[in-house]
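Undergrad: I need the structure of the sequence given here:
(chains A and B)
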Amino acid sequence: MSLIEAVTVPKWGMTMTEGTITQWMVNEGDTIARGQEILEIETTKVTNVLEAAASGTLRRIVLQQGTTAPVGALAGVITDDAATTEEIDAFIATYADRLGAGEGGDAGSAAPRIVEVEGGTVNLLEAGEGDDVVLFLHGFGGDLSTWLFNQPPLAETIRTVAVDLPGHGASSPVDGDVLAKIVSAVSAAVQDLAPGRLHLVGHSFGGAVAARIAAAQPSRVASLTLIAPVGLSRQMSRDFLVDFIAAERRRPLLNVLERLFADPAKITNDMVEGTLRFKRLEGVPEALTAIADTIAGQDGQLLSIREPLAGLNCPVMLIWGEQDQIVPVPDAGTLPANLTLRILPDTGHMPQMEASATVNQAILENIRKASQ
Amino acid sequence: MPKKSFRQALNEALHSEMARDPRVIMMGEDLTGGAGANGVKDAWGGPFGVTRGLLDAFGPERIRDTPISEAAFIGAAAGAALTGLRPIAEIMFVDFAGVCLDQIMNQAAKFRYMFGGRAKTPLVIRATYGAGSRSGSQHTQALYPIFTHIPGLKVVIPSNPYDAKGLLLQAIRDDDPVIFLEHKMLYDTVGEVPDASYTIPFGEARVVRDGKDVLIVAIGRMVGVAEEAARQLAADGISACVVDPRTTSPLDEETLLDVAEGIGRIIIVDEANPRCSVATDISALFADKCFDALKAPIKLVTAPHTPVPYAPNLEDVYVPTPDAVAKAARSIVKR
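TA: You can find the predicted model right below:
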C-alpha cells in the first residue's frame, strides 16, 4: 500500500482559524525528510515554518503561495514512489470541501476567559476534553501565548488549560509574598475547572510555580514536565530580568527577547508588541520587579525547587535547551535522582517554541508514564 | 480583553486621568453638549460624543464650555498650563486652528525654549481631522504637517482604539504642548482596549504587520488602508510590512530606518496634501539615511494637492485607497 501523507495548515494558538501560505521552501518533486522545514505560513499573530511530518516526495502543492486557507486545509501531498496520480487526486478530493469553508480546524477556535480569585483575576484559555488536565504555566514576562505551538496539538487528545500568571498577560498583579500568592491564585483558578488529575507543564519561573503546586497537592498532580525551570542551580542571568523590566520601547525589548532564543529570528513582531502591551499596564512593572526579586539576586537564583521535587512520586521530566542563556543547563550529577533530564541541541531558553514538536512528544511521553 | 470604540477609549482616558489628577481641566466649544436642554445634564458629550459624562463626573469648574473664540480659549489654556494646571483644550475641527495659530505657534510652543527650560506647558490640544464625512473643505483637512513643522510641539495621530487611550494618557501627563489629532472616521472603529491605565511613549512607531517585500508607512486613518492593501498584496504573494509612526513629532526614525533597511522598497501613505508634508519628510529621511538599501524609488500615495472636495464622488477619489496603495507596491516589487 502506498504512502500518501497530507501537509495541512496547522493550528498555531487556540485562536488561529486560518493561515496564509507565504513560501514553499521545497518544490514539487523534491525529496523530503521527516522534520525538514517545508512551508512558511503567516497568521495574524505569527509567521512560522512547518516541518514535514513524513518522509517522501512532495508530489503536489495544493495551496499556492499567497493563498489563505482555514486550519486543517490541505496545502500539499507527500507520497512514496508507489502512489499513483489517481490515488493522489482521490486523496486531494477528500479535502476539497475544507478549502475556503472557514472552518476553525479540528480543535475549533477558543477565546480566553477571566476567572475571579481571591484578591484578583486570572486569565486562562481552555481547550480539549477529558478528565485529566494539562496545566501550562509560562515563565517570567511571558503569557499563555507561550504555549502557542503546544496547547493546540495536546488538546487533540487531552484537556488543557493555559493560564496567564498573576502580573502577566491579562491577569491582575499580586504583591507581598508573590510566589505564594501566584501559586494560590493559579490553584484557585483551576480548582473547579480541573477537578481531576493535573499534568503540570511549567517553563522557567512557571516551573517553580508548578513545583510548589505539586508539593502542595501531591495526590492531585500526576506528572510534572519542567522546561528550563528556575530553582535547580544558582546560575541565572539576572541582567535578563532587570533589562526586561527596564525596556519600555520596542528596540530595547527586542534586544532582551532575542536572548531567549538560540535563533533570534524566531522573535515575531507580535511577541514584541504583545509584551509591550502588558508591560505598560499600570501596576505591572512593580509586580514584575517583585517577581524578579523573588527569582534572583546579585549572586544568582534565590529559589530552590529541589526539596519539593525530590519528595514527589510522580514522573518528573526536565527539558532544557543546550544554548540557554537565561537559566543555563544544570550539572546533571547534582539533580535529584527522580528527575529525568533531556537536553535539546540548537535551542535556547524557549524549547517549547524552538523545538515544539520534540517538546510536545516529551510532554505526552511523561503523561503516559503517569498512567503506567 | 474588552473591546471598545475609539471614542470610548478616548473618553475612558479623559475620565481616568481627570480622576487621578485634579489639575487636569478641559475647555472648548460644546464640550458639555446638550447640557441644560430639557433638564438633561451632559446629554451628548460634545460634537462627537467623546466628552460624554465628564461634566457630570467633574462639574463645570473643570469642564468649561467656551465661547466660539479659539484664540481666546487656546490662549487661556496655554496660560493655565504655564501656571500649574494641565488643560485639555478641544478645537472642534483642526481646520479652525488658523484662528488661534499665534497662541499655538508663537506662545505655547515657545515657552520652554524662551524661558531656558524652566517653564512647563502641559497643554493638550485635541482636534478632529480628516476627510470622508462629507463635511467640506473647511472641516476635513489633515493639517498635521503644519504642526509637525513647528519645533516645541508634539504631534500625535492615533490610528486605533488601543493607541488612542495610551497616547492620550501620555499626552496629558506630558509637560510639553501636544497636538492630539483624532480622525472623524475612526471614532466608531473597535478594538481591544484594557480597562487599566497605560501610556505609550511618544516617538515609538508600531510595527503593525511583519513583511519582507515592501514597507508601507502609514499615518492615522491611513494605517487601516495600508493594512487592507497588505491583505490584497498577500493574496498575490507579496509580503508587506506596515509601520505606523504614531507621532510625527517626535518621529521614530530608528524603527523606520531599521525596517526600511531590511526591505528596501517603501510606500508612504498619507491623507494630507503632498507638498511639504509628513510623507515627503519621511521620504527625505529614507533618501538621506538609507539610500544604499533602496531597491526601488520611494513611492508616495497621498491626497492630491487640492482642497478636500465637498462632492461625495470627488471626496472618495481624494482619499488614498487600498487599491492605490497595492498598485504602488506592485509597481516597485516587480523591479
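Undergrad: switch to C-alpha atoms for all contacts and neighbour counts from now on
TA: OK.
Undergrad: how about the residue in the stretch 51-200 of chain A positioned nearest to chain B, secondary structure?
TA: Per Cα to the nearest Cα, A:Gly66 is where the stretch 51-200 of chain A lies closest to chain B, at 4.0 Å. Secondary structure assignment for A:Gly66 (DSSP: H, G, I helix; E, B strand; the rest coil): coil.
Undergrad: what residues are up against it?
TA: Listed by Cα atoms under 8 Å, 6 or more residues apart in numbering or on different chains, the contact set of A:Gly66 reads A:Thr20, A:Ile21, A:Thr22, A:Gln23, B:Ala234, B:Ala235, B:Asp236, B:Gly237, B:Ile238.
Undergrad: which of those count as buried?
TA: For those, a burial check counting by 16 or more other Cα atoms under 10 Å in any protein chain shown picks out A:Thr20, A:Ile21, A:Thr22, A:Gln23, B:Ala234, B:Ala235, B:Gly237, B:Ile238.
Undergrad: now stretch B:1-20, how far from the centre of its chain.
TA: 16 Å (Cα atoms, centre = their mean, to the nearest Å).
Undergrad: Ok, stretch B:8-22 next?
TA: With Cα atoms, centre = their mean, you get 18 Å for stretch B:8-22.
Undergrad: Same question for stretch A:255-271.
TA: Remark: stretch A:255-271 is offset 15 Å from the chain centroid, using Cα atoms, centre = their mean.
Undergrad: Let's see that stretch as CSV, backbone CA atoms only.
TA: Output in CSV follows, covering the C-alpha atoms of stretch A:255-271 (Å, rounded to 0.1, in the frame of the first residue of the first chain):
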residue,chain,number,x,y,z
ASN,A,255,17.3,43.1,22.2
VAL,A,256,16.2,41.5,25.5
LEU,A,257,13.8,39.0,24.0
GLU,A,258,16.5,37.9,21.5
ARG,A,259,18.4,36.4,24.4
LEU,A,260,15.6,33.9,24.9
PHE,A,261,16.2,32.0,21.6
ALA,A,262,19.1,30.2,20.1
ASP,A,263,17.8,31.7,16.8
PRO,A,264,16.8,35.3,17.4
ALA,A,265,14.9,35.3,14.1
LYS,A,266,12.2,33.4,16.0
ILE,A,267,11.1,36.6,17.6
THR,A,268,7.9,37.9,15.9
ASN,A,269,6.7,41.5,15.9
ASP,A,270,3.5,40.2,17.6
MET,A,271,5.6,38.9,20.6
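Undergrad: Report the buried residues of that stretch.
TA: Buried residues in stretch A:255-271, defined by neighbour count with 16+ other Cα under 10 Å: A:Val256, A:Leu257, A:Arg259, A:Leu260, A:Phe261, A:Ala262, A:Lys266, A:Ile267, A:Thr268, A:Asn269, A:Asp270, A:Met271.
Undergrad: and chain B, which of those residues contact it?
TA: Contacts with chain B within the buried residues of stretch A:255-271, counted by Cα under 8 Å from any Cα of the partner chain: A:Thr268, A:Asn269.
Undergrad: As JSON lines, the buried residues of stretch A:255-271 with pLDDT would be great.
TA: Below are these laid out as JSON lines (pLDDT from 0 to 100):
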{"residue": "A:Val256", "pLDDT": "96"}
{"residue": "A:Leu257", "pLDDT": "96"}
{"residue": "A:Arg259", "pLDDT": "96"}
{"residue": "A:Leu260", "pLDDT": "96"}
{"residue": "A:Phe261", "pLDDT": "95"}
{"residue": "A:Ala262", "pLDDT": "95"}
{"residue": "A:Lys266", "pLDDT": "81"}
{"residue": "A:Ile267", "pLDDT": "87"}
{"residue": "A:Thr268", "pLDDT": "83"}
{"residue": "A:Asn269", "pLDDT": "84"}
{"residue": "A:Asp270", "pLDDT": "84"}
{"residue": "A:Met271", "pLDDT": "87"}
